[in-house]
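*Asks:* Show me the folded form of this:
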Amino acid sequence: MLVQTLEMLRRVDGEMSVMRTEMVQMRIHFDQEMGQMRTHFDRGMGQMRAQLLQLERVQCSPHIDHSSVHIDDGDEQHLGGDQIYPSHHDGDDEACTSVLQEDDVVRVDKRPMRDRKKSQFCKTPFTDPIRSKKRNVDVAVEGSDAVPQVGDDDLNPPEGYTEFIASKENIFRDTGYLEYLSPADFRCIDDMSEWLDGRHIDSYMCCLRRIQSRPLYNDNYAIMSTPLFSYISTFWTQEYDGDNGKVFDPSTAIVPTEWTCFVDGSNEGNLPWWTVDNVLLPCNYKNQHWFLIKISLKNKILFLYDSSAKSEDSRRIRVAAVTPLAKLLPIILKSSGYYKHVSATTTSDREWDVEGTDPHKVPQQVDSASCGCFVIKYIEDILRHNEGSWQIDPNPDVYTLRRQIGIFLYRHSKFVVD
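*Replies:* The predicted model follows:
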């Protein structure tokens, strides 16, 4: 009975992963359609504004007797915005010369009307219906330069942090990830008895990708989010660990085409794998434990960083959990066109090697709920060239780790009102 229940739970988990993949693809398709609609709308608005500005220009032009002023086409090509044109008269009409003062010249402002007079038609009335109302009261998400250059490990809460996490209102922080973080999500980070879930880690990865170009961080890594490992584990269970008895054959095995977006960076905004030497992949084992995989693309090795690797059984379970990735990774790279950008001599289909965690070299957790915090700190230390001398304390203060994570997410996100 227990075996049947576990099998049923695995199938449900696989179906949920498939549904989540479909939702992500639907969101991407919807964003593309909305982008095309906005482009056509803005183009139409631009044409309408041009016509309105032309009407304004006619109505607001100086009252000058144009029949008495002749502009030479040759001279017009050499004159700037505030242009002066000589006046030419066909007769001896003294009335015309009395109207044109300053040595018979007329000053004509040839700048567009939008530069001379602000028009109410210059601002588009379009409002994106899929975006929540936002207030620019905090730092912007777009661009690393928009984020204050303060220490990412600074424990001093930024302005508004305490009030935000204590709020019961329907407000959020936008980190750039698909889902916003609510005050309850930040309170979960501060609670030492709570686990970090995929939204916390994926939001953190989005923030790290935005600031990876800073000198403090190493840009030779592709920073991935959590879904990839879940997709691979579910796919392996359904294809090769199920009741169908299917045997894995690397020469004939295929993987879903949707996975190529993880390698080329088109889905998550990560660096394409062929531009880096390593990939950092946070992994969740059966909704029970977080650990990290560093994929060495040149050496074909999967390095495991596990904060709960003190027992031999734990290390053996983690190695077994990444076996599907070690077998499918060459196929994923080949189907995504990775080998078209690197040396053709590295297209071996052999299974990649897996190097387990040495608990004496990798910092270990002292509780049962901080594995997600350690994964985040592993990634930060690796990006900061600290892998050889970890900055995580051997006996870490879990509260300090969680506090740093919450403040980092708040500092590198923006305020959103639903």
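*Asks:* any chance you could map the helices in the stretch 301-418 of the chain?
*Replies:* For the stretch 301-418 of the chain, applying DSSP state H, counting those that start in this stretch gives helices covering 312-321, 323-335, 371-383, 398-411.
*Asks:* what does the chain give?
*Replies:* Listed in chain order, the helices of the chain (DSSP state H) span 2-60, 73-76, 94-99, 101-104, 113-116, 161-165, 183-190, 198-211, 227-240, 260-264, 312-321, 323-335, 371-383, 398-411.
*Asks:* and these as TSV, adding distance to residue 278, mean pLDDT and mean neighbour count?
*Replies:* (Glycine included, C-beta is placed from N, CA and C.) As requested, the helices of the chain are exported to TSV (distance: least, Cβ to Cβ, whole Å; pLDDT from 0 to 100; neighbours: other Cβ atoms under 10 Å):
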stretch	distance to residue 278	mean pLDDT	mean neighbour count
helix 2-60	25	73	12
helix 73-76	61	42	9
helix 94-99	78	41	12
helix 101-104	72	42	10
helix 113-116	50	50	15
helix 161-165	33	93	16
helix 183-190	27	94	18
helix 198-211	14	94	22
helix 227-240	15	92	19
helix 260-264	14	91	19
helix 312-321	19	92	15
helix 323-335	13	93	19
helix 371-383	8	93	23
helix 398-411	22	92	20
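*Asks:* Can I get those helices in TSV including distance to residue 155?
*Replies:* Putting the helices of the chain into TSV (distance: least, Cβ to Cβ, whole Å) gives the following:
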stretch	distance to residue 155
helix 2-60	34
helix 73-76	65
helix 94-99	75
helix 101-104	69
helix 113-116	49
helix 161-165	11
helix 183-190	12
helix 198-211	17
helix 227-240	31
helix 260-264	34
helix 312-321	31
helix 323-335	36
helix 371-383	14
helix 398-411	6
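*Asks:* So which of those helices is nearest residue 177?
*Replies:* helix 198-211 (4.4 Å; Cβ to Cβ).
*Asks:* which residues are contacting that closest one?
*Replies:* For helix 198-211, the external contacting residues (Cβ atoms under 8 Å, 6 or more residues apart in numbering) are 141, 143-144, 147, 152, 175-179, 181, 185, 188-189, 217, 223-227, 268-270, 282, 284, 290, 372, 375-376, 379-380, 383, 405, 408-409, 412-413.
*Asks:* Go again with 6 Å.
*Replies:* 144, 175-177, 179, 181, 223, 225-226, 269, 282, 372, 376, 409, 412 (Cβ atoms under 6 Å, 6 or more residues apart in numbering).
*Asks:* Only the C-alpha atoms, please, for it, written as CSV.
*Replies:* C-alpha atoms of helix 198-211 as CSV (Å, rounded to 0.1, in the frame of the first residue of the first chain):
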residue,chain,number,x,y,z
GLY,A,198,11.3,27.5,-5.4
ARG,A,199,10.0,31.0,-5.6
HIS,A,200,12.5,32.3,-3.1
ILE,A,201,15.5,30.6,-4.8
ASP,A,202,14.4,31.5,-8.4
SER,A,203,13.8,35.1,-7.4
TYR,A,204,17.3,35.2,-5.9
MET,A,205,18.7,33.7,-9.1
CYS,A,206,17.0,36.5,-11.2
CYS,A,207,18.6,39.1,-9.0
LEU,A,208,22.0,37.5,-9.3
ARG,A,209,21.8,37.4,-13.1
ARG,A,210,21.1,41.1,-13.2
ILE,A,211,24.1,42.1,-11.2
